[in-house]
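>>> got a predicted structure here, sequence first:
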There are 4 protein chains.
Amino acid sequence: MSLNDLKEAVLDANLATVRHGLVMATFGNASGIDRDNGRIVIKPSGVPYDEMTVDSMVVTDLDGKTLDNKLKPSSDLDTHLVLYRAFPEIGAVIHTHSTYATIMAQALVPIPPLGTTHADYFYGEVPVTRQLTPQEIATRYVAATGEVIVEAFKDRDPMQVPAALVAGHGSFVWGRTPEDAVHNAFILEEVARMAWHTMMIRPDIAPIQPALLDRHYLRKHGANATYGQ
Amino acid sequence: MSLNDLKEAVLDANLATVRHGLVMATFGNASGIDRDNGRIVIKPSGVPYDEMTVDSMVVTDLDGKTLDNKLKPSSDLDTHLVLYRAFPEIGAVIHTHSTYATIMAQALVPIPPLGTTHADYFYGEVPVTRQLTPQEIATRYVAATGEVIVEAFKDRDPMQVPAALVAGHGSFVWGRTPEDAVHNAFILEEVARMAWHTMMIRPDIAPIQPALLDRHYLRKHGANATYGQ
Amino acid sequence: MSLNDLKEAVLDANLATVRHGLVMATFGNASGIDRDNGRIVIKPSGVPYDEMTVDSMVVTDLDGKTLDNKLKPSSDLDTHLVLYRAFPEIGAVIHTHSTYATIMAQALVPIPPLGTTHADYFYGEVPVTRQLTPQEIATRYVAATGEVIVEAFKDRDPMQVPAALVAGHGSFVWGRTPEDAVHNAFILEEVARMAWHTMMIRPDIAPIQPALLDRHYLRKHGANATYGQ
Amino acid sequence: MSLNDLKEAVLDANLATVRHGLVMATFGNASGIDRDNGRIVIKPSGVPYDEMTVDSMVVTDLDGKTLDNKLKPSSDLDTHLVLYRAFPEIGAVIHTHSTYATIMAQALVPIPPLGTTHADYFYGEVPVTRQLTPQEIATRYVAATGEVIVEAFKDRDPMQVPAALVAGHGSFVWGRTPEDAVHNAFILEEVARMAWHTMMIRPDIAPIQPALLDRHYLRKHGANATYGQ
C-alpha cells in the first residue's frame, strides 16, 4: 500500500467513526501503519472532521517523529505507537469515547462474552486496564495508556480480542487495516450496549458456554473459517 | 407465487430488516418458502446489504441442497430448514440480533405479555430456548439451534407466538409471508424494549390479565378478527 | 371550524404523532370534535399512515354512529366517545403506544411531577387507571377503557392533567384542539422518559415542591399566565 | 463584537441547541453579553425556533430593561442576568432541559467526574443547586434560580466548571462565547448520559484519580494547554 493509499484509508477510518456515531466533537482518532517502511499515518490534533482531507493526515516514524511539518499529530499518538510496537500483527488503531464502551470503561467493568454477537468478533472478555498511577499520569501519560493496554494482554492474543477499555477513559480498538479497526469499534459499541443492558436486568448472568464462544469466533477467524463467500 | 416473486419478497424482507434498524453489519437473514414446489429462497452468506439483488438470493430444496451454484446460502440455513419442516404453516423466517431482543436472549429472560402491544402480536410469552449442549454445538450447531426452538414450542402454537429468543444469541421470527415476518420482527424489538424497561422499574410486574391478552390477540387474529377495514 | 377544517386538523394530528415518533405501525389514533354540531372526526381503522388523506377521516356522531360509510372508524372510537362525553372542555383525543408512556402504563407506575418540564404541562401526577375486570373486557372493552380513565379523574380536573396511562396498554392524551393534544402527547413521552430514568437512579425521589409545581403550571395556564408573547 | 454580530451569535446558539437535540419545543434559551457596552442579547419568549431571526433577538441592559420594544425577552432572563453579574468572565449563558442533564437535576444527583470526557471540560463535579424555598419561588423565582447557582459556586471557579444542574428543573451552562456555551451544553448532555449509565451499573464507582482529572482538564485549559494546532 502506498503512503497515499494509507493516508486515504486512515482519513476514511476517521470519518467513518463519526458517521457510525462513535465519535462526538473531536473525541477520537484513527491511525494506520505501513510496516514495511515504518511509517505511521494518524489524524491531526483538534482539527474538525469536516475540514479534514488526505493532506491533513500526519506521517510519523515508529518513534513518533513527524515526517512532515504541517500539523501536529493527535495528542494520543504515543498510545498508538506503544500498541504498534507491542502488537506486531496490527495494522491500524482507533480510539473513541463511544457511549457504551466508555460507560463500561468508566464503571471499570470488563465486557464478558454474553452472546454470539460478541463471540463473532472477540474471543473472550474485552478487558479494562488497571488505573494509571499518579506518577505515570504525571510523567508519561499517553505512552502509559498504551502500556496498561499491553499489560492487560499479557495472557491473551491481541488479534483474538482486538479491543481494550481504558479505565475511566474510553476504548482503543485495532485491526489488520483501518477499515477492520472501524468495524471492530462499531461492533464493540453495540456489544457494550447489549452487555450493559443484559447485566442490568440479569446481574448474575454467566458468559456463554465455551463451546459456543469457540463455534462463533472460529467460524469467522483462523484457518478453519467458513463464513462468507 | 413464482420463484422470482419469492426472491423479490425475500430480498425486500432482508433489506427491510436493515431499514428498520433490526440488523447491523451482516448479522441477520431472511428466507421464504414456496410450499408447493418445496423451494426455499434465502439470503447469501456475508454479502453486504447494499450489493444484494434479486439474483443474489440463493434457492435450495428442503434438505438445503443449493439449486443454483452462484453463492453460498446464509450460514444459518439449517436453522431455517428445521423451522420450515417443523412448523408447516409458516412461509418465512427472519433471524436478527436486534438490540433488545438480543439483550433478553443474552439474559435468558423470556418476554412476558406485559401490555396490549405484545398481545396484539404474540399470544403469550415469547420463550427463550434452553442452552445448547457442547455436543450439539460441536456436531450440528445450526440445525440444533432450530431444534431447541421447536422444543420450546412443544406446548404452544408457533402461529400464535411467531418468535423465539435463542439463548445467548438473538431472535428467530416467522410469519405467513416474508413481509409478515419482518413486521413481527419489528414489533418484537419494540415489545422487548418496553419489557426490559418495564421489568427494570417494576421487577415484580405480572403479565396482563388473561382476558386482556385474549381480547387484543383475538381481535387481530383468528376467525373472529375485527381489526382493519 | 368547518367539518373539513376539522378533518384536516385531525389528519395532521394523526400524521404528527408518527412524525414525532409516538406511533409505530398503526398503533395510535387521533380524533377531534365539533361541539356545536356534535360531530366527531377520527382516524379510520388499520389504514397505513402514508395512504391517509382528508377523505379517509371518518365522521360520527356522539353515539358513534358513522355519518359516512366509506371506512370503519378506529377500533378505539368508543374510548374517545366516553372521554368527549365526560370531559366537556376537551376538543381532541390522541391514543398512542409511545415507548416510555407505555412502559409506565405497563409497570402500573403513575408519573409523579419530578421536574418543571412536567409542571409546565401537567398540574400533578399523570395517573394510571385501574386494571379492567374480565367482565368489563368481555362485554364492553373499548368503552370501559374510557370509563376507567374518567374514574381516575374523579378528583382532578382533566384540563389540568390532560393525559392518563391505561394500565397494561398505553396513553390517552387530550387538549382543546388536535394540535394541542399532539403537543401534550409529545411532552408526555419526554416527561415519561425522564421520570423513568429519574426513578431508576433515585427510587426515593419525591415530587417537586408544590410551590414549584404551581409556579410553572400557572405561568403557562389560567387567568394569570405570563408565558409567550 | 458589534451588537448585530452578537445577535447573530445568539441566534446561532439558540438554533444549535435544537440541532444538537438539547432543546425540545421551546424549552431552552441562549443569551450573550457585550461587556463593554453592558448589552445583553437573549431569545424572545415562546417564539418557535423556525420563525426566529436575528431581528427576533431581544436586547436588554444588565438590569433587564428591554432596549427595543418588539418582543418580550425569554421568561428566564433574570436568571441569565444574575449569572452575568456574579460571573464576570462569562460571555454567554444557555438554559436547556436536555434529557440526561435534566434527569440528574430531577434526581438531585450531581455529576461526578467519572471519566476523561468529563475532565476535558469540567474540572470537578457538576453541582446540583439546593431546592428553592416556597418564599423564593413566590417572590422572585427567576432571579432566585440564578442565585442558587451562584451559591453552588461559592467554593469553585465558574470558568472551570461551566455548568450547573438546577434542582428539579434543568441545566444552565455558560462559556466565553455563545458558541462555547453551546459546545459545553452538548458535552454536558453526553457526560450526564454516561454518568447515569455508569452509576446504574456501578453504584459505588469513585471519581477518577485527581491526577487524571488534572491531566485532562489542564491539557485543554489554562496557560499550559497543549491540545489542538
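Alright, I've got the coordinates.
>>> only C-alpha atoms from now on, for both contacts and neighbour counts.
OK.
>>> where does chain A have low pLDDT?
Counting by pLDDT under 70, chain A contains low-confidence ranges at A:69, A:226-229.
>>> in what helix or strand does the closest residue to chain C within it lie?
Nearest to chain C in chain A, going by C-alpha to the nearest C-alpha, is residue A:200, at a distance of 11.3 Å. For residue A:200, the enclosing helix or strand under DSSP states H and E is helix A:178-201.
>>> thinking again about what came up before, dump the residue contacts of the residue of chain A closest to chain C.
When contacts are counted by C-alpha atoms under 8 Å, 6 or more residues apart in numbering or on different chains, residue A:200 touches B:200, D:200, D:201.
>>> over to residue A:166?
A:105, A:128, A:129, A:130, A:131, A:145, A:149, A:172.
>>> show me which of the residues you listed are buried.
Neighbour counting by 16 or more other C-alpha atoms under 10 Å in any protein chain shown classes A:105, A:128, A:129, A:130, A:131, A:145, A:149, A:172 among the contacts of residue A:166 as buried.
>>> quick check, residue A:33 in a strand?
Yes - using DSSP: H, G, I helix; E, B strand; the rest coil, the assignment for residue A:33 is a strand.
>>> excluding chain neighbours, what is closest to it?
Once flanking residues are discounted, residue A:33 sits nearest to residue A:40: 4.4 Å by C-alpha to C-alpha, 6 or more residues apart in numbering or on different chains.
>>> please list which of the buried ones among the contacts of residue A:166 also come close to chain B.
When C-alpha under 8 Å from any C-alpha of the partner chain is applied, no member of the buried ones among the contacts of residue A:166 is adjacent to chain B.
>>> how about the residues of chain A near chain B?
Applying C-alpha under 8 Å from any C-alpha, we find that chain A lies next to chain B at A:114-117, A:194-195, A:197-202, A:205, A:208-209, A:211-212, A:215, A:227-229.
>>> now, of those residues, which are buried?
Buried members of those, scored by 16+ other C-alpha under 10 Å, are A:114-117, A:194-195, A:197-202, A:208-209, A:211-212, A:215, A:228.
>>> name the element the residue most central in space within chain A belongs to?
When C-alpha atoms, centre = their mean is applied to chain A, the residue found nearest the centroid is residue A:173 (1.1 Å). With secondary structure defined by DSSP H and E, residue A:173 is part of strand A:170-175.
>>> packing partners for that strand?
strand A:92-96, helix A:99-107, strand A:163-166, helix A:178-201 (3 or more C-alpha pairs under 8 Å, 6 or more residues apart in numbering or on different chains; DSSP states H and E).
>>> helix or strand right after the last one?
Beyond helix A:178-201 on the C-terminal side, the first helix or strand identified by DSSP H and E is helix A:210-220.
>>> hmm, who's touching stretch A:181-189?
Stretch A:181-189 is contacted from outside by A:13, A:16-17, A:20, A:22, A:92-94, A:96, A:98-101, A:118, A:121, A:162-163, A:173-175, using C-alpha under 8 Å, 6+ apart.
>>> picking that back up, with residue C:107 as the reference, measure out to the residue of chain A closest to chain C.
From residue A:200 across to residue C:107, the span is 17 Å (C-alpha to C-alpha, to the nearest Å).
>>> just checking, which of the buried ones among the contacts of residue A:166 belong to helices?
Among the buried ones among the contacts of residue A:166, the residues falling in helices (DSSP state H) are A:105, A:145, A:149.
>>> turn the helices and strands packed on strand A:170-175 into TSV, including distance to residue A:35.
Below are the helices and strands packed on strand A:170-175 laid out as TSV (distance: least, C-alpha to C-alpha, whole Å):
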stretch	distance to residue A:35
strand A:92-96	11
helix A:99-107	29
strand A:163-166	20
helix A:178-201	14
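>>> nearest to residue A:47, of the ones you listed?
Closest of the helices and strands packed on strand A:170-175 to residue A:47 is strand A:92-96, at 15.4 Å (criterion: C-alpha to C-alpha).
>>> please find the angle between the direction vectors of the closest one and helix A:99-107.
Using axes from the mean of the first three to the mean of the last three C-alpha atoms, to 10 degrees, the direction of strand A:92-96 lies 80 degrees away from that of helix A:99-107.
>>> may I have strand A:92-96 exported as CSV, CA atoms only?
C-alpha atoms of strand A:92-96 as CSV (Å, rounded to 0.1, in the frame of the first residue of the first chain):
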residue,chain,number,x,y,z
ALA,A,92,-4.5,0.1,12.5
VAL,A,93,-5.6,1.6,15.8
ILE,A,94,-8.8,3.6,16.7
HIS,A,95,-9.5,5.5,19.8
THR,A,96,-13.1,6.5,20.6
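>>> which strands border that strand, and is each parallel or antiparallel?
Taking DSSP bridges as the criterion, strand A:92-96 forms sheet pairs with strand A:28-34 (antiparallel), strand A:170-175 (antiparallel).
>>> residues making contact with stretch A:35-55?
Residues from elsewhere that reach stretch A:35-55 (C-alpha under 8 Å, 6+ apart): A:4, A:6-8, A:10-11, A:14-15, A:25-26, A:29-34, A:56-62, A:71-75, A:77, A:91, D:227-229.
>>> give me the subset of those that lies in strands.
Counting by DSSP state E, the contacts of stretch A:35-55 place A:29, A:30, A:31, A:32, A:33, A:34, A:58, A:59, A:60 in strands.
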